[in-house]
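# Fold the following, please.
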Amino acid sequence: MAQPADLTASTTASPIRVAHLLEQCWHRVPGGTAVAAVGLARALHARPDIQVTGLTARHRTGPPDHLDAGVPTVSSRLPRAVLYELWHRLHRPVVDRLTGYPDLVHATGGAVPATDLPLVATIHDLAWRHHPEVATLRGHRMFEAWLSDARRADRVVCPSEATRSDLLEAGFADHQVVVIPLGADPVAAAPDLAAELRARHGLDGPVVLWVGTVEPRKNLPVLARAVASLDLDGLTLVVVGPTGWREDLSAAVAPLGDGVVVTGPVDEPTKHAWFDAADVFCFPSLLEGFGLPVLEAMGHGTPVVTSAGTATEEVVGDAGLTVDPADVDGLAEALRRLLGDSDLAERLGAAGRLRASTMTWAATAEATVSLYREVLDP
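Next up, the predicted model:
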C-alpha cells in the first residue's frame with residue numbers, strides 16, 4: 001500500500017477521470033457485486049486524485065438508498081437488457097462521449113461497456129462454471145458474455161486468489177489478472193438495537209447468524225443440519241437476507257423446527273445490529289468471490305466459522321475457524337467449540353476485528369488507484 005506521502009504527491013497532477021459502471025444497483029437482487037461497486041465508488045469519490053462518473057442504463061427511479069454511491073451519474077437512453085446485448089454483440093454504443101471522455105472506464109461487474117479508452121474490468125467469481133445448476137440458461141449466457149468481453153480489458157481485477165486461479169484456468173494472461181480484496185468500513189456497535197432484536201424474536205439462548213442472498217451455493221441446508229445436530233437449549237439460527245433463486249428456504253431450514261428465525265431483507269442498520277446480536281457468524285458457502293458478510297461480521301468482533309479452501313478462508317485468515325463446507329459434523333463441531341468456549345470466541349472475535357480494520361474501502365481504493373496509474377502509464 002502506498003504511503004501517505006505518495007498520495008499527497010499525486011494530488012498535484014490532474015485527477016484521474018474514471019467512468020464507473022453502477023448498473024448492478026438496479027438488478028433484481030443486487031447482491032455483493034452492487035455493494036462492491038458502490039463501496040469502491042464512494043471511496044474513490046472521497047479522494048482528491050480521482051473524479052468518478054457513474055454509468056447506468058435507463059431507469060425511472062434511483063437505486064435503493066443503501067446503494068446510492070453519491071457520485072455524478074450519467075444514464076444511457078437504452079434499458080439494461082438492450083444495452084448489455086449491444087455492448088456484447090456490436091461493441092456499441094461506445095460510452096466515451098456519454099461519460100465525458102474520461103481517462104479510463106471501469107467495468108465493475110455484470111457487463112463490460114463498449115469503449116475505445118483504457119479499460120479495467122472486475123470479475124468477482126466464476127460460480128456459474130463451478131455450479132451451472134444455480135444459473136438459468138439466460139443467466140449462463142449473460143455471464144459467459146461478460147467473461148468474454150472482459151478479455152479485452154487492459155487489466156482484470158478480482159477480489160481473491162481463488163477467483164484469480166479460476167480466471168487463469170479460463171485463459172486469462174497471468175499479467176492481466178490482479179487481486180484487490182474488497183473492503184468493509186467499520187460500523188459502530190448498536191447494543192440497544194441488538195438487544196431489541198433478540199427480545200422481539202424471543203431469543204434467550206445462543207444465536208448463530210447467517211447473512212446473504214439465499215441461493216443454493218450458500219449451502220444453507222448443510223448449515224441447518226449442523227445447527228440442529230447440536231441440540232443446545234435455546235439455540236437459534238437467524239437467516240438474514242433476500243431470496244435469490246432456486247432455493248426452497250422452508251425446506252432448507254426444516255430440520256430446525258422452531259429453532260430458526262428468517263427475517264428476509266432488512267435495512268443496513270438492522271443487518272449490522274444482527275451481527276452484534278449474534279454469538280457466532282457462520283457462512284459455509286460452497287463458492288464465493290470474496291464473501292463480504294464474513295468481513296462485516298469480523299468488523300463487529302463476531303467470531304466466524306466459514307468454508308475451508310474457498311475465498312472466505314482468505315478473508316478470515318487465522319481470525320476464525322474454517323471447515324469443509326460439505327462436512328455437517330465438522331461444521332457442528334466448530335460451532336460447538338465457539339459456543340462452548342467464551343475465551344476462544346472472544347479471542348477470535350478480537351482477531352477478526354483487528355484484521356477487518358485493515359480491510360477497508362479506502363484500502364481497496366488505494367490499490368485500485370495504483371492499478372489505474374499502471375494502466376494509464378505502463
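
# Helices along the stretch 51-200 of the chain, start to end?
Listed in chain order, the helices found in the stretch 51-200 of the chain under DSSP state H, counting those that start in this stretch are 80-90, 127-130, 137-150, 161-169, 191-200.

# Let's have these in a markdown table, adding mean neighbour count.
The C-beta positions use only the backbone N, C-alpha and C, and glycine is treated the same way. Output for the helices of the stretch 51-200 of the chain, formatted as a markdown table (neighbours: other C-beta atoms under 10 Å):
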| stretch | mean neighbour count |
| --- | --- |
| helix 80-90 | 16 |
| helix 127-130 | 17 |
| helix 137-150 | 16 |
| helix 161-169 | 18 |
| helix 191-200 | 15 |
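
# Quick one: closest of those to residue 319.
Evaluated with C-beta to C-beta, those place helix 161-169 nearest to residue 319, the distance being 17.2 Å.

# what number of residues lie near residue 221?
When neighbours are defined as other C-beta atoms under 10 Å, residue 221 has 18 of them.

# unless I'm mixing things up, it is touching residue 249, no?
No. With contact defined as C-beta atoms under 8 Å, residue 221 does not count as touching residue 249 (9.7 Å).

# Low-confidence ranges, the protein, go.
Low-confidence segments of the chain (pLDDT under 70): 1-12, 134, 246.

# Which parts of it are strands?
Counting by DSSP state E, the chain has strands at residues 16-21, 50-56, 73-75, 104-107, 119-122, 155-158, 177-179, 207-211, 236-240, 260-264, 280-283, 304-307, 321-323.

# the inter-axis angle of the first one versus strand 50-56?
The reference is to strand 16-21. Angle between the axes of strand 16-21 and strand 50-56 is 20 degrees (criterion: axes from the mean of the first three to the mean of the last three C-alpha atoms, to 10 degrees).

# hang on, the earlier thing: distance to residue 91 and mean neighbour count for the strands of the chain - can I get that in a markdown table?
Output for the strands of the chain, formatted as a markdown table (distance: least, C-beta to C-beta, whole Å; neighbours: other C-beta atoms under 10 Å):
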| stretch | distance to residue 91 | mean neighbour count |
| --- | --- | --- |
| strand 16-21 | 16 | 23 |
| strand 50-56 | 16 | 23 |
| strand 73-75 | 19 | 16 |
| strand 104-107 | 13 | 26 |
| strand 119-122 | 12 | 25 |
| strand 155-158 | 18 | 23 |
| strand 177-179 | 22 | 18 |
| strand 207-211 | 39 | 25 |
| strand 236-240 | 41 | 22 |
| strand 260-264 | 40 | 17 |
| strand 280-283 | 39 | 27 |
| strand 304-307 | 38 | 27 |
| strand 321-323 | 43 | 22 |
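
# would you list the ones you listed in CSV and tack on distance to residue 253?
Converted to CSV, the strands of the chain look like this (distance: least, C-beta to C-beta, whole Å):
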stretch, distance to residue 253
strand 16-21, 35
strand 50-56, 36
strand 73-75, 39
strand 104-107, 37
strand 119-122, 33
strand 155-158, 32
strand 177-179, 35
strand 207-211, 10
strand 236-240, 7
strand 260-264, 5
strand 280-283, 13
strand 304-307, 17
strand 321-323, 19
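
# just so I know, which of those strands lies nearest residue 339?
Counting by C-beta to C-beta, residue 339 lies closest to strand 280-283 out of the strands of the chain; the figure is 6.3 Å.

# Tell me which residues are up against the closest one.
Contact partners of strand 280-283, identified using C-beta atoms under 8 Å, 6 or more residues apart in numbering, comprise 206-212, 218, 223, 227, 275, 291, 293-294, 297, 302-307, 312, 331, 335, 338-339, 345.

# let's see 7 Å
Contact with strand 280-283 is made by 208-210, 223, 275, 291, 293-294, 297, 302-306, 312, 335, 338-339, as judged by C-beta atoms under 7 Å, 6 or more residues apart in numbering.

# which residues are contacting stretch 52-69?
If you take C-beta under 7 Å, 6+ apart as the criterion, stretch 52-69 is touched by 18-23, 25-26, 30, 34, 38, 41-42, 44-45, 71-80, 83, 95, 99-100, 102, 113, 268.

# per the record, what domains does the protein have?
The chain breaks down into these structural domains: 4-183+360-376, 191-356 (assignment by automatic domain parsing).
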